[in-house]
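Visitor: Let's see this in three dimensions:
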Amino acid sequence: MKKISYILFSLLGMVLATASCTGLEEENPVLKTPTKFVLNTPATANQYVDLGADKEAGTVNFTCSQPDYGFAASADYHMQVSLDESFAEYEELGDAFNSCNMNVKCSQIAEAICKLRGIEDEDSYTDEAARKVFFRVRAQILKMEETSIVSNPVAMEKVKGYFALRLPGYIYLVGAPEGWSGPTEANKEHYSDWRLYESKNAIGSKIYSGVFEIPAGSFMFRFYTALTGWDNDSYGSQEADSPLDITMTDGIYSGPIVKGKGSYNLPDWEGGSVKITVNMADPSKMSVKFEAGGVDVSDKAFIYLVGAPEGWAGPTSDNAAHYEDWKLYDMAGDGIYTGTFTIPAEKFQFRFYKELTGWDDASYGSQADDAPVDIELTDGLYTGPAVDGKGSWQIADWAEDAKVAITVNTKTGKVTFQKK
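Guide: Here you go, the predicted model:
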């Protein structure tokens, strides 16, 4: 049986629980690979459970034993859901618990059931009677995969689900390009081609984008958050129901968007595709951006540039709107992220983050240590290693504002910076 000394785990930063689910304590503990882990049958196992009865706060209670790690270890517990006892297919829920007493969200169980049924959107959902659903728990200490163990499965006999998938939100473009058809439910099918969507990686962000073909002379429109008629839920260039002329600089327009019926109008538009981004994350400073010839990235994975060029704002979910302009996209789905940014003079220092979960997680940089690595461009080009870590790339003598094309290859662990 594999054993690792407590001293080694102290060096790895493992935290021992001061009290465990079993209440046991030991001196000089030694980690054991557990062989037994029991999920108890919940009290509601044979009752009718309607997951949709309280979609916001409803929970189902489960309890389990603590795996025998040889001492009172602080483990994380992850609930898994399946529609068959073999768990040939299952979904692991997002929340992790640090206690053997777990109140699992009904909404997460319902979402897992939808995914296991193959439901992809609301149109493909069909209601069904209460069904048997199976549960088990996976326990693990920190990120140490060798400590992972799954419990026995238990069944709940009568679980009633509902459509619980979290899908990207959307708004509508209403105006000359689509024919001013009218933002009503009767035109719902018509407007299915005129939606701007949240990114699949940023559901709930209230940042919507899309690429549309705008004919010459037809660049006049505003946006609606719902198909409730002309007078409600409209957002545009101004409150008054009158178009506002705008201009593009280098193929780009950026400006405010407000609650109102003012349309954006580009009188000299010669026709072509336009990427539109509407940022409603902060109601006090909503904005819109039009990019001629833009590419649709609403379904693309992305990472963030974090550092001096954007102001070291902090990679947190509260700053999602700020980082909308600092994304690199994986256009081909191959783990290679690209983007072009203006790097201001004396501000070439940054690294990347895979998620906005804080400074200490999901960072990708020049080295593991939180210290910058000085680099140089040769004939305007730099290629070097990238690793999971908080080291930034830095050019101390970056003398002027300049555009830099950046490629981050997470498969090979390489970055490329090319001055444009």
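
Visitor: tally of neighbours for Lys285?
Guide: 11 (other C-beta atoms under 10 Å). Any C-beta I mention is one placed from the backbone N, CA and C, and that applies to glycine too.

Visitor: I misspoke; the intended subject was Gln140.
Guide: 18.

Visitor: can you check Ile171 too?
Guide: Ile171 - counted by other C-beta under 10 Å - has 21 other residues nearby.

Visitor: Then Gln47?
Guide: The tally of other residues near Gln47 (other C-beta under 10 Å) stands at 11.

Visitor: That one against Lys160, yeah?
Guide: No: contact between Gln47 and Lys160 fails when scored by C-beta atoms under 8 Å: they sit 11.1 Å apart.

Visitor: Who does Leu381 form a beta bridge with?
Guide: Going by DSSP bridges, Leu381 is paired in beta bridges with Thr378, Gln418.

Visitor: as a whole number, average confidence for stretch 401-413?
Guide: Averaging pLDDT along stretch 401-413 yields 95.

Visitor: ugh, wrong one, I meant stretch 64-77
Guide: Stretch 64-77 comes out with an average pLDDT of 88.

Visitor: And for stretch 234-245?
Guide: Averaging pLDDT along stretch 234-245 yields 97.

Visitor: Can you pull out the residues in contact with it?
Guide: Identification of contacts with stretch 234-245 by C-beta atoms under 8 Å, 6 or more residues apart in numbering yields 171, 174, 183, 220, 222-225, 246, 255-267, 278, 280, 286.

Visitor: and what of stretch 353-367?
Guide: 303-304, 306, 314-317, 319-320, 323, 351-352, 372-373, 375, 384-393, 408, 410.

Visitor: what's the answer for stretch 84-103, then?
Guide: The contact list for stretch 84-103, computed with C-beta under 8 Å, 6+ apart, reads 21, 59-66, 74-83, 104-105, 108-109, 111-112, 115-116, 134, 136-138, 153, 155.

Visitor: Sort out which of these are in helices and list them.
Guide: Of the contacts of stretch 84-103, the ones assigned to helices by DSSP state H are 108-109, 111-112, 115-116.

Visitor: Need these in JSON lines (columns: distance to Phe87).
Guide: Output for these, formatted as JSON lines (distance: C-beta to C-beta, whole Å):
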{"residue": "Gln108", "distance to Phe87": "17"}
{"residue": "Ile109", "distance to Phe87": "15"}
{"residue": "Glu111", "distance to Phe87": "18"}
{"residue": "Ala112", "distance to Phe87": "12"}
{"residue": "Lys115", "distance to Phe87": "14"}
{"residue": "Leu116", "distance to Phe87": "11"}
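
Visitor: Buried subset of the residues you listed as a ChimeraX selection?
Guide: Selecting only the buried entries of the ones in helices among the contacts of stretch 84-103 in ChimeraX, with 16 or more other C-beta atoms under 10 Å as the criterion:
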select :108,109,111,112,115,116
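
Visitor: I'd like the ones in helices among the contacts of stretch 84-103 written out as CSV, with pLDDT added.
Guide: Shown next, in CSV, are those (pLDDT from 0 to 100):
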residue, pLDDT
Gln108, 96
Ile109, 97
Glu111, 95
Ala112, 97
Lys115, 95
Leu116, 97
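
Visitor: Whatever helix or strand Glu157 lives in: which residues count as buried?
Guide: Assessed by DSSP states H and E, Glu157 sits inside strand 154-160. Residues of strand 154-160 classed as buried by neighbour count (16+ other C-beta under 10 Å): 154, 156, 158-160.

Visitor: what about the stretch 201-350 of the chain, any weak spots by pLDDT?
Guide: For the stretch 201-350 of the chain, no stretch has pLDDT under 70.

Visitor: What segments of it are strands?
Guide: Secondary structure of the stretch 201-350 of the chain (DSSP state E, counting those that start in this stretch): strands located at 207-214, 220-224, 234-236, 244-245, 252-256, 258-259, 264-265, 272-279, 287-292, 301-307, 327-330, 336-343, 349-353.

Visitor: out of these, nearest to Asp379?
Guide: Asp379 sits nearest to strand 336-343 of all the strands of the stretch 201-350 of the chain, at 17.3 Å, using C-beta to C-beta.

Visitor: what helices or strands is the closest one leaning on?
Guide: Here strand 336-343 touches strand 301-307, strand 327-330, strand 402-409, going by 3 or more C-beta pairs under 8 Å, 6 or more residues apart in numbering; DSSP states H and E.

Visitor: how big is the angle separating the last one from strand 301-307?
Guide: This means strand 402-409. Calculated by axes from the mean of the first three to the mean of the last three C-alpha atoms, to 10 degrees, strand 402-409 forms an angle of 130 degrees with strand 301-307.

Visitor: I'd like the distance from the longest strand anywhere in the chain to the chain centre, please.
Guide: Looking across the chain with DSSP state E, the single longest strand is strand 131-140. Offset of strand 131-140 from its chain centre (C-alpha atoms, centre = their mean, to the nearest Å): 25 Å.

Visitor: cool, and stretch 331-342?
Guide: Distance of stretch 331-342 from its chain centroid, counting by C-alpha atoms, centre = their mean, is 17 Å.

Visitor: Which parts of the stretch 1-150 of the chain are strands?
Guide: Under DSSP E, counting those that start in this stretch, the stretch 1-150 of the chain gives strands at 3-5, 30-32, 48-50, 59-63, 76-82, 91-97, 101-105, 131-140, 149-150.
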